[in-house]
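Q: dropping a prediction and its sequence here:
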Amino acid sequence: MKHVVESVFRIALLVCTWSIWMWALNQRLSNGVNLSIIMGCVLLAFPLVSLGRTILDRQPTTRRAAWITTFVHYALGILFGTAIIRAVVTHQAWSGWMLPKPAEIGMVLVIITGGAALFSVVNLALKGLGRLLPLHSPGNWR
């Protein structure tokens, strides 16, 4: 029964995330509001992660870590997704802000940073073996 409640809750969070993304996709906002959403959502990631870590440090149990991680991941997904959606939807309005760089250099940078992100995810997946917590948890984790 416990897993059913967790699954329903996660599905509800996913639907909430999609609803917020659809709202962000269909809004007509001024450039100032768009810029505020794009930059604000990215900048809010830092205090969100810090808050999650602070809450977890108060009572570090495995079950609590799973729930806090769930909330932090969905919140980050909402923030980053909203920023990306607004940036993609309004990219034509920002066309005057292009950096004066050759396209070839931009493509090389995209490949390098994409590869670095891919190897970071692979490294984390292999070290953690896909588990939520490390193989050898600290002694204060129950």
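A: On my side now, so go ahead.

Q: what's the average pLDDT for stretch 55-75?
A: Taken as a whole, stretch 55-75 has an average pLDDT of 89.

Q: residue furthest from the geometric center of this protein?
A: Of all residues in the chain, Pro102 has its C-alpha farthest from the mean position, at 29.8 Å, by C-alpha atoms, centre = their mean.

Q: how far away is it from Asp57?
A: According to C-beta to C-beta, to the nearest Å, Pro102 and Asp57 sit 47 Å apart. Backbone N, C-alpha and C define where each C-beta goes, glycine included.

Q: can you give me the offset of the longest helix seen in the chain from its chain's centre?
A: Ranked by residue count, the top helix of the chain under DSSP state H comes out as helix 62-89. For helix 62-89, the separation from the chain centroid amounts to 4 Å (computed by C-alpha atoms, centre = their mean, to the nearest Å).

Q: helices along the chain, start to end?
A: Counting by DSSP H, the chain has helices at residues 2-26, 31-43, 45-58, 62-89, 103-128.
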